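1. below is the sequence, then the predicted model.
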Amino acid sequence: MIVAVDLVHFYGQERVIDGISLQIAPGEFVALTGESGSGKSTLLSILSTLLHPDSGHIFIDGQSMETLKDPNRFRREYIGFVFQFHYLIPYLNIRENVALAAPKRSGEEIMELLERLGIGAIAHKMADEVSGGQRQRAAIARAVANGPRILFADEPTGNLDSKNSEKVFDLFRKIADEGTTLVVATHDRRLAERADRIIEIKDGRLV
Amino acid sequence: MFIHAFKSLRANPMRTLLVFGSLTVSVTAVFLINAIAHGIVSSYSTILRSDGDLIVTQAKISDTFFSDVDTALIPKIRKIPGVEKVTAMIVGASPVERLPIVAVYGLSPERMERYRLLRGHYPGPGEVMVGRSIADRLPMPALSIGDRRFRIAGVFGSDTGFESGGVVLTLKDAGTLFHKKASMLFVDLDGRVPAEKVIAAVAALSSKIEVKSTESFVKNYHQFRIIETSADVISLIALLMGLISIASIMSVTMLERKYEFGILRALGYGRGVIVGRILLETLWIGVAAYLTALAAALGILWILRRLPALQGYVDGIITLPMAVEVGLAALGITVLGAILPAWKSSGIDPMELITRGSRA
């Protein structure tokens, strides 16, 4: 369960998150929608502990994010994140990039995951040697490699064509159906409708 | 992690080359400065240590080159209980034929035999023997030192650069050249009387002399300290320049890699792990640069030793303790140069790292 209470965040003088409170149930697939600049990416970053809010509180499964003793360990064990731009490490191949997120997993387990996501054949290629769709699948593989309880995705289809976007959402649906909580920020209303719930943001507030 | 570090270095060849180059140049400079300084000190102290338990010099002089000791003291010193042998030496420098400066050693007959005769015989009055390093550059069969002509009696070899690049003649002839009786007297002890007692007895012979054990003389010789301190200061400057170069390159690199650090932080890697990864990368470079610098310094010293123009005087020596010390210093600047920018760059929120890194 994710509970956010009265979140506020500024970029300089601009109040980009303006008192947002929300709850997301375990295993729920939620889409955050809104226009570009509405604050959905910032909210996603704050909910996923990648950004500290200027004020407000977040509780994940009852744990306050402010009093976490080891936020890195928490991220490692609880959270997966898919970025809009794949952000694969350029000097590592696809398999190494994915293994980076789950150092305790064996090579076979990583390969199995890549096969499951349909990118086993490109495991030994570098990020700049594969297509945008394959890169995003690799980024998803990296995000789920450590078996996170919550998966966040920020505009994961922003750089993909409609066919690849559909495939990515198919994958998300499957991940959610397996019990992972999923929070996806997207401006694509059609894709958002495939989630269990849509939360719309405008000017840093919930609509 | 080792392989990742290696891959990262290979992926950024320009950065790797710049850090490697900066470190190699500064470590080579440190090696050369210290090796040459050590060589100078070692060469001269080898000459001083080669014979005699005590050294007698003129009192209150800053350099043995200016020392003038009366050889009339020799028979008096020989009579002191505990003294086995007394020899004398003049140390000077003079232009010899076309060579602008050559070390000139005037020796009492007993000291001549220390030199390994390669051909000819030991010099008598009006004769010199020349060191191997300069023999080919001198005319045969006679040469001029100052305004005097000497017949070349032989050629000698020595493991000491200062000697093999010099000329040796009799104490009397050297005295005429340099207008003194002796620069130093060397006293051998028979071990039956404590050295302190002999030192006191020799010192009591004249107020114009200073007597020290050879070891104490070498350890406290002011010129050696100046050379060693100068080498240390120049080495420090070279290391600081290396450190600044590495830190500058790494700072720019860290800006470029902020998004990578952001990803690692997002994946749950702590700041320490990220700094550790960067350290590992720079340590790879550090070790490679250190080994290259060591090889380069050995090569340059080998060339310097054989350059005819230097007459074998620049005889740099890299000792094991020096190699270890320079290695630790190189490691230190590598770690410092990398750790500060890496620590600074990896400390903010992952998402800020990613967005700032993307803009860089």
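-> That came in fine, so what should we check first?
2. please, where are all the helices along the chain?
-> Going with chain A. Taking DSSP state H to define them, one finds helices in chain A at A:40-47, A:71-78, A:94-101, A:107-116, A:132-144, A:162-177, A:189-192.
3. meant chain B actually
-> Assigned by DSSP H, chain B shows helices spanning B:2-11, B:13-49, B:73-78, B:109-112, B:132-135, B:161-164, B:171-178, B:195-203, B:214-220, B:222-256, B:258-266, B:271-306, B:320-345, B:350-359.
4. the fourth one: how far from the chain's middle?
-> What it means is helix B:109-112. Shown here is helix B:109-112, whose average C-alpha point lies 28 Å from the average C-alpha point of the whole chain (CA atoms, centre = their mean, to the nearest Å).
5. now do it: which elements does it pack against?
-> Counting contacts by 3 or more CB pairs under 8 Å, 6 or more residues apart in numbering or on different chains; DSSP states H and E, the secondary-structure elements packed against helix B:109-112 are strand B:83-96. No exception for glycine: its C-beta is placed from N, CA and C like everyone else's.
6. between helix B:171-178 and the strand it packs on, find me the angle.
-> Relative orientation of strand B:83-96 and helix B:171-178, computed by axes from the mean of the first three to the mean of the last three CA atoms, to 10 degrees: 40 degrees.
7. show me what counts as buried in strand B:83-96.
-> Within strand B:83-96, the residues that count as buried by 16 or more other CB atoms under 10 Å in any protein chain shown are B:83, B:85-92, B:94, B:96.
8. and that strand with helix B:195-203, angle?
-> Angle of strand B:83-96 versus helix B:195-203, following the same axes, to 10 degrees, is 60 degrees.
9. correct me if wrong: A:Ile20 contacts A:Gly204.
-> Yes: in this structure, A:Ile20 sits in contact with A:Gly204. The criterion is CB atoms under 8 Å, and the distance is 7.3 Å.
10. tell me which parts of the stretch 201-350 of chain B are close to chain A?
-> Counting by CB under 8 Å from any CB of the partner chain, the positions of the stretch 201-350 of chain B adjacent to chain A are B:259-260, B:262-270, B:349-350.
11. joint contacts of A:Ile20 and A:Gly204?
-> A shared contact of A:Ile20 and A:Gly204, defined by CB atoms under 8 Å, 6 or more residues apart in numbering or on different chains, is any residue touching both; here these are A:Gly39.
12. excluding chain neighbours, give the residue nearest to B:Ala238 in space.
-> The shortest distance from B:Ala238 to any residue that is not its chain neighbour, by CB to CB, 6 or more residues apart in numbering or on different chains, is 4.2 Å, and that residue is B:Ala29.
13. give the contact list for the closest residue in space to A:Gly132 that isn't next to it in sequence.
-> Setting aside the residues directly before and after it, A:Gly132 is nearest to A:Asn159 in space (CB to CB, 6+ apart), at 5.5 Å. Under the criterion of CB under 8 Å, 6+ apart, the contact partners of A:Asn159 comprise A:84-85, A:132, A:136.
14. filter these to the buried ones?
-> When neighbours are counted using 16+ other CB under 10 Å, those contain these buried positions: A:84-85, A:136.
15. of the residues you listed, closest to A:Arg142?
-> The nearest member of the buried ones among the contacts of A:Asn159 to A:Arg142, counting by CB to CB, is A:Gln136 at 10.5 Å.
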